[in-house]
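1. I'll drop the sequence and a predicted model, then ask my questions.
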Amino acid sequence: MRKILLIIIDGLGDEPIPFLSNKTPLEAAKTPNLDFLARNGICGLVLPWLEKGKLPTSEDTHLALFGFDPKKENPGRGVLEVLGIGMEILPGNVCLRGNFATVNENGIIIDRRAGRIENTESLISALNKIKVRGAKILVKKAFGHRIGIILKGKNLSEKVGSNDPKKVGVKVLKILPKEKRAKKTEKILNEFLEKARSVLENHSQNKKRILEGKLPANYILLRGAGKLKKIKSFKEKYGLRASCIAGGALYKGIGKILGMDLIKAEGANGFSNTNLKGKILAAKKSLRKYDFIFLHIKAADSLAEDGNFLGKKEFIEKIDKNLKPILKIKDTLIIVSGDHSTCSLLKSHCKIPIPILIYSNGARLSFEKQKLAGFSERNCKKGKLGKIKQIDLMKKILEYA
């Protein structure tokens, strides 16, 4: 059996952009290495996991990528974020993920990410001093504007809603219980948020940001409440030793909950300045020890969420330039795809199918050579793989491996 290297470019797919001559950022990008893999491998489209009436989420689509049913096996985004930043979760703890955000005096959201603030350590230190009756609340930095939160106490429930309407120009929501036993947790969270707003608005760092013309991080948007639960490990499910190389907390958390070993690559983060060369070389080195490598690359998604389609195009080109060390690896199945598409014009995740290529040096993966111009959404639509449901992708990968 071949080793497997799964490269996930977060938010890879997109829609045609008029400014890019009606090409997507992937189509417009110069990607000779990805084009080589596509022409000499086999391509298709992945249909992302979707919950009825909703856009695809990063946690659901990643679990589905690995063949785990998100409806049954997703512990909640909060749990995955908290695991990814190394916080210890005990039985009964409620975990949430949070964003630093900017709101006006009426609670109207100006920016859901507070200008993508990064230096949040002093703000987090102040939040950790807040006391709320009924629970101890721990806050820790994730990457960028994100934080992980743990509630420790008796009779806490994860069945609470979010205060994040997921759009700007509207008022923040009040956290509401989804069932009677969650009323205590709802009350604790709303009190914490009220106190946090006061602490943040009066914090010297935010006052300085306002003077500098920057958006203050004066509010917290919470979502993804969950409790840790036991799910089958990747090795138990497939019999493969697996590792995860990622910069973002969520993706490390997914690797952790599936029992993958986390591999560190110096300078690897979830931003566009991530050490791509280091991540690729770490993946290549890891193939000596592991059967399956999950390599996650984040920034294409964030750039598209900011509407920066040119930045997304350029970042895809940057990824492509760093792929050379893996092109000649033998006895290894290389898969390149995304978890979901992110539409730059909509500035959000979208339902567009995701391009995928599967390649193995020296191996014939299809009976007929594909006559594809390169790796893109439109070209992959013509590929011999056809359309694959995300939840079935691991089965297909293992067939080729």
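-> Arrived safely, thanks for sending.
2. when you work out contacts or count neighbours from here on, use the C-alpha atoms and nothing else.
-> Will do.
3. give the contact list for the residue positioned nearest the centre of the chain.
-> Closest residue to the average C-alpha location of the chain: Ser58 at 4.8 Å, with CA atoms, centre = their mean. Counting by CA atoms under 8 Å, 6 or more residues apart in numbering, Ser58 touches Asp339, His340.
4. which residues touch the longest strand seen in the chain?
-> Ranked by residue count, the top strand of the chain under DSSP state E comes out as strand 94-103. For strand 94-103, contacts defined as CA under 8 Å, 6+ apart pick out 77-79, 81-82, 109-114, 117, 145-152, 156-158, 215-227.
5. give the contact list for the nearest residue to Phe309 once chain neighbours are set aside.
-> Spatially, and ignoring its direct neighbours in sequence, Phe309 is nearest to Ser344 (5.6 Å; CA to CA, 6 or more residues apart in numbering). Listed by CA under 8 Å, 6+ apart, the contact set of Ser344 reads Asp14, Glu15, Leu303, Ala304, Glu305, Asp306, Gly307, Asn308, Phe309.
6. neighbours of the fourth one, just the number please.
-> In this case it means Ala304. 28 (other CA atoms under 10 Å).
7. on the three-state scheme, it is what?
-> Following DSSP: H, G, I helix; E, B strand; the rest coil, the label given to Ala304 is helix.
8. ok, it touching Ser348?
-> Yes - with contact defined as CA atoms under 8 Å, Ala304 counts as touching Ser348 (7.3 Å).
9. hey, what's in contact with both of those two?
-> In contact with both Ala304 and Ser348: Thr342, using CA under 8 Å, 6+ apart.
10. who are the packing partners of the top helix by length along the chain?
-> Longest helix in the chain by number of residues (criterion: DSSP state H): helix 183-201. Judged by 3 or more CA pairs under 8 Å, 6 or more residues apart in numbering; DSSP states H and E, helix 183-201 is in contact with helix 121-127, strand 219-226.
11. how about Leu393, nearest residue that isn't a chain neighbour?
-> Counting by CA to CA, 6+ apart, Leu65 is the residue found nearest to Leu393 once chain neighbours are left out, at 6.3 Å.
12. re the thing from before, now, which of the contacts of Ser344 sits nearest Cys43?
-> Of all those, Cys43 sits closest to Asp14, with 16.9 Å by CA to CA.
13. how close does the residue nearest to Phe309 get to Gly92?
-> Applying CA to CA, to the nearest Å, the value for Ser344 to Gly92 is 39 Å.
14. any low-confidence regions in the protein?
-> Regions of the chain meeting the criterion pLDDT under 70 cover residues 363-370.
15. break it into its domains for me.
-> 3-74+230-400, 82-226 (automatic domain parsing).
16. buried deepest among those domains, which one?
-> Greatest average neighbour count among these goes to domain 3-74+230-400 (a mean of 20), per mean count of other CA atoms under 10 Å.
17. distance between that domain and the chain's centre?
-> 11 Å (CA atoms, centre = their mean, to the nearest Å).
18. and the end-to-end length of that domain?
-> Taking CA to CA, domain 3-74+230-400 runs 11 Å from one end to the other.
19. same deal with stretch 50-66?
-> From its first residue to its last, stretch 50-66 covers 15 Å (CA to CA).
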